[in-house]
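Trainee: Compute the structure for the input listed below.
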Amino acid sequence: MMKKMLALLLTLAICFACAPAFAEEAEREVFESGEYTYALLDDGTVEITKYKGSAKELDLPCELDGYPVTSIGDGAFPSAPV
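Mentor: Below is the predicted model:
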């Protein structure tokens, strides 16, 4: 019984230790610049999270609000109809 209780407590401690990392990722603040929504990353760069325009072709910006664009998030651009 004591071993089971100790194993349960150890498992809970590990889960709570990992929880802040998951919460931090989910709580990224997003900003808007023109037709783009972006998230500021820890390294001072940005990830485009959404495009709200309707252009069929476009050149991606190198910067948004002075921050370098280094990534594009999953689902940032709507799928084109087939």
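Trainee: can you give me the strands for this protein?
Mentor: Remark: strands assigned in the chain by DSSP state E are 30-33, 36-40, 46-51, 63-64, 67-72.
Trainee: I would like the residues contacting stretch 45-55, please.
Mentor: Where contact means Cβ atoms under 8 Å, 6 or more residues apart in numbering, the residues beyond stretch 45-55 that reach it are 30, 35-41, 58, 60, 64-65, 67-73, 75-78. Every residue, glycine included, has its C-beta placed from N, CA and C.
Trainee: how about it: buried residues?
Mentor: 45-51 (16 or more other Cβ atoms under 10 Å).
Trainee: which of the contacts of stretch 45-55 count as buried?
Mentor: By 16+ other Cβ under 10 Å, these give 36-40, 64, 67, 69, 76 as buried.
Trainee: Nearest to residue 4 among those?
Mentor: Nearest to residue 4 among these is residue 39, at 42.3 Å by Cβ to Cβ.
Trainee: Can I get stretch 35-42 as PDB, trimmed to CA atoms?
Mentor: Provided in PDB are the C-alpha atoms of stretch 35-42 (Å, rounded to 0.1, in the frame of the first residue of the first chain):
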ATOM      1  CA  GLU A  35      -3.800  41.200 -42.800                       C
ATOM      2  CA  TYR A  36      -1.700  39.000 -40.500                       C
ATOM      3  CA  THR A  37      -2.000  37.800 -37.000                       C
ATOM      4  CA  TYR A  38       1.200  36.700 -35.400                       C
ATOM      5  CA  ALA A  39       2.700  35.400 -32.100                       C
ATOM      6  CA  LEU A  40       5.900  36.900 -30.500                       C
ATOM      7  CA  LEU A  41       8.300  34.000 -29.800                       C
ATOM      8  CA  ASP A  42      10.700  33.800 -26.900                       C
END
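Trainee: For that stretch, what does the pLDDT average out to?
Mentor: For stretch 35-42, the mean per-residue pLDDT is 95.
Trainee: before we move on, what about stretch 51-58?
Mentor: 89.
Trainee: Need the distance between the two termini of it.
Mentor: 11 Å (Cα to Cα, to the nearest Å).
Trainee: which stretches of the chain form helices?
Mentor: Ranges of helices in the chain, per DSSP state H, are 2-26.
Trainee: Show me where it dips below the pLDDT cut-off.
Mentor: Residues of the chain meeting the criterion pLDDT under 70: 5-13, 15-26, 80-82.
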